[in-house]
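Asks: Give the three-dimensional model of this entry:
(chains A and B, ligands or ions: 2)
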Amino acid sequence: MIKNKKRLMFFKMISLSLLRRRSRMIVALLAIVVGATVLAGLVTIYYDVPRQMSESMRSYGANMIFTPDGTDSLTDEMIERALSYIPARDLDGYTPYRYENTTINKNPVTFAGVDFDGVKKTAPYWNVDGAYPTRDGEVLIGANVAKTFNLGVGDKTVAVSSIEITEDVDESLIPDYEIIEIDGVKSADHELPIKVVGIIQTGSSEEDYVYLSYSDVEYLTAKHRGYDLVEVSVNSTGGLESYTTSISNGVEGLRAKLIKHVAASESAVLTKLTSLIFIVTAVVLLLTMICVATTMTAVIAERRKEIGLRKALGASNLSVVGEFLGEGLLLGGVGGILGSVLGYVFAEIVSKNVFGGSITFLWWLIPVTIIASVAVTGIACLIPIRSAVDVDPALVLKGE
Amino acid sequence: MASLLELKNVSKIYGDLHALDDVSLTVEKGEWVAIMGPSGSGKSTMMNIIGCMDKPSLGQVLLDGKDISKESQTSLTTIRRDKIGLIFQQFHLINYLNAVENVMVAQYYHSVPDEKEALAALERVGLKDRAKHLPSQLSGGEQQRVCIARALINNPEIILADEPTGNLDEANENIVLDIFRQLHKEGTSLVVVTHDPEVGEVAQRTIRLEHGKIISDEKNENFVE
Ligand SMILES: Nc1ncnc2c1ncn2[C@@H]1O[C@H](COP(=O)(O)OP(=O)(O)O)[C@@H](O)[C@H]1O
Ligand SMILES: [Mg+2]
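Replies: Residues are numbered from 1 along each chain as shown, chains lettered A, B, ... in the order given. Ligands and ions are numbered 1, 2, ... in the order given. From the prediction side, this is the model:
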């Protein structure tokens, strides 16, 4: 009962001191709120970023490729078997590529047969000016090809493939072509009228190719053939190596590889981000501490008479220190509560703008933020509060 | 029975300066004593020593028969808390606490805060309806009355007042003196430092200090009990 009344008075005094001297304490509170916000915000981002990074990294393209291993090309059956090693929920998409050399206006160009729906998944970074092809004869061309042949969206031209008539040529695909025979080698120039519907920019080798459907490539070359490369997008943060090993071992004539540069840069960026978050948080908390310590020093200097009075009324050094520390810790607690809420908002905004995703709420971060703010404030108060001990109660009898 | 307060050959020396110079003085329980003297004569120094906020350089101070001149800082704090009520020229109210809360602070350090008792003390100085006002919302006279209520709240052996009317106008001075009269009637011991003759005259006994020495110690013949 007696203890309760004293405790009540203690909380009344420290809270009224903060509440009724708001303008004095607002700067310190603001510093604590900023510190707590940055702490809570960055920790939230830190915990959420690996997940978001792997999502956004995947949006930078495929992270695994299949190539022929001792065979001429990959068949649909081989690809299917290879993909069966990856759980369906982890398989984001895949695109087989069939490359063929052809000419436009007698200049050599590499044509790539693709499935455009697959490309949208495995190469979402393709920046297409125009549209993706939807019917036979429509093509996407790389920006370099567009420049070389002076082609724009909507332009039409003709691709010409010089076909050597060998056993693997399907002559039903070239019924009316004039077959020329020179020194016993039979050949035909096979033409495919094409229409440019889009131009792609990637800043990379994709700009040197012409992309079209598999059936167009087959028609142009008059050959049935498998694929030269499969790009695969796998949705997983780890364990990709085990997939590639078991696929390479399990599928004869096919080799699976990770596209290393993406995987490596992902973890390099994460490491850098972690240390950046650590440094920024430490610096901000240090600034918070300095600001709180400065405010507390000023507050104690201002309140020397009050401290003298409390001592004159019988307060021990311990209780004076306790009261100022109580004010500091209360301020730290309030700042921590505000900061943990604002930190979540801050993380959400950063996440939306930088990663385009939303953040998971970490409930345990609320007590952690509050405890951290209280601790930071407490440490910041220690040195200024020690000077309260030196105040002489006789001060109250001295004139101004 | 021992006297309430006894100073035996007390000196307070700052370097070459004898702020108090071999002062001896006895105050009985229930007495109302005024201490007068020009500025710098040692009045506040004497109050500090009586009020357990400072120790004499030489001599003995007996409070309730107990020698306090050799006590540690901590036990002086305890003695001050239990036996002494202080009234100041500058009131020294805590500006973020209202009148009744200011009175309760003294209870808090002494024993237990009790709002009812604190309100009763304010009623005694005629401030019951001002209990919830902050010091900034009170006049000087009202602030001094809160200060008096705070000094009274723990039923001290002795009330020490240093220039209690120094910052007040005549009307408020009279209110404060009326309260002192009332306290004296109730048996409270009062030591009042003042340079104001009117405040000195109404006391039971007047002691004059000059250069740290007592130059006169007289009963007031006109004193009305
Ligand atoms: N802490 C101190 N250090 C040095 N001199 C002091 C100190 N306190 C008071 N004095 C000196 O002691 C003398 C008496 O001071 P004080 O008791 O405050 O006088 P009064 O209250 O009568 O005006 C003055 O000359 C003052 O300057
Ligand atoms: Mg003085």
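Asks: residues contacting B:L134?
Replies: For B:L134, the contacting residues are A:20, B:95-99, by Cβ atoms under 8 Å, 6 or more residues apart in numbering or on different chains. C-betas here are computed from N, CA, C, even on glycine.
Asks: Only the buried subset of the residues you listed, as a ChimeraX command please.
Replies: If you want just the buried ones from those in ChimeraX, going by 16 or more other Cβ atoms under 10 Å in any protein chain shown, the selection is:
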select /A:20 /B:96,97,98,99
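Asks: from the contacts of B:L134, which is closest to ligand 1?
Replies: Set against ligand 1, the nearest of the contacts of B:L134 by Cβ to the nearest ligand atom is B:N95 (24.9 Å).
Asks: correct me, but the closest one touches B:L138?
Replies: No: using Cβ atoms under 8 Å, B:N95 is not in contact with B:L138, being 10.8 Å away.
Asks: All the helices of chain A, residue numbers only.
Replies: A:2-20, A:22-58, A:76-83, A:116-122, A:143-148, A:214-221, A:240-250, A:260-302, A:304-312, A:317-350, A:365-389 (DSSP state H).
Asks: ok, now chain B?
Replies: B:43-50, B:73-83, B:99-110, B:115-124, B:140-152, B:170-185, B:197-201.
Asks: do you know which of those lies nearest chain A?
Replies: Checking the helices of chain B against chain A by Cβ to the nearest Cβ gives helix B:73-83 as the closest, at 2.5 Å.
Asks: in the stretch 151-300 of chain A, what residue is nearest ligand 1?
Replies: Closest point on the stretch 151-300 of chain A to ligand 1, by Cβ to the nearest ligand atom, is A:I300, at 21.0 Å.
Asks: so what's residue 124 scoring on pLDDT?
Replies: All of this is about chain A. Here, the pLDDT recorded for A:P124 equals 77.
Asks: nope, chain B
Replies: pLDDT for B:R124: 92.
Asks: Over to the one 5 residues further on?
Replies: Residue-level confidence at B:D129 comes out at 95, pLDDT.
Asks: Check B:M1 too.
Replies: Looking at B:M1, its pLDDT reads 63.
Asks: Could you check how far the residue in the stretch 201-350 of chain A that chain B sits nearest to is from B:L62?
Replies: In the stretch 201-350 of chain A, no residue comes nearer to chain B than A:G314, which is 2.5 Å away by Cβ to the nearest Cβ. Distance from A:G314 to B:L62, counting by Cβ to Cβ, to the nearest Å: 20 Å.
Asks: more crowded one of the two?
Replies: For A:G314 versus B:L62, the count of surrounding residues by other Cβ atoms under 10 Å in any protein chain shown is larger for A:G314: 24 against 17.
Asks: coming back round to it: just the helices of chain A: most buried one?
Replies: Highest mean neighbour count of the helices of chain A: helix A:304-312, a mean of 23 (counted as mean count of other Cβ atoms under 10 Å in any protein chain shown).
Asks: CA atoms of it as CSV?
Replies: Presented in CSV, the C-alpha positions along helix A:304-312 are these (Å, rounded to 0.1, in the frame of the first residue of the first chain):
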residue,chain,number,x,y,z
ARG,A,304,19.8,22.4,-10.6
LYS,A,305,17.5,24.4,-8.3
GLU,A,306,14.9,21.7,-8.5
ILE,A,307,17.5,19.1,-7.7
GLY,A,308,18.7,21.2,-4.7
LEU,A,309,15.1,21.6,-3.5
ARG,A,310,14.5,17.8,-3.7
LYS,A,311,17.6,17.2,-1.7
ALA,A,312,16.6,19.9,0.8
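Asks: that older thread, turn the helices of chain A into JSON lines, including distance to B:N48.
Replies: Output for those, formatted as JSON lines (distance: least, Cβ to Cβ, whole Å):
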{"stretch": "helix A:2-20", "distance to B:N48": "26"}
{"stretch": "helix A:22-58", "distance to B:N48": "30"}
{"stretch": "helix A:76-83", "distance to B:N48": "92"}
{"stretch": "helix A:116-122", "distance to B:N48": "86"}
{"stretch": "helix A:143-148", "distance to B:N48": "91"}
{"stretch": "helix A:214-221", "distance to B:N48": "102"}
{"stretch": "helix A:240-250", "distance to B:N48": "81"}
{"stretch": "helix A:260-302", "distance to B:N48": "23"}
{"stretch": "helix A:304-312", "distance to B:N48": "10"}
{"stretch": "helix A:317-350", "distance to B:N48": "18"}
{"stretch": "helix A:365-389", "distance to B:N48": "19"}
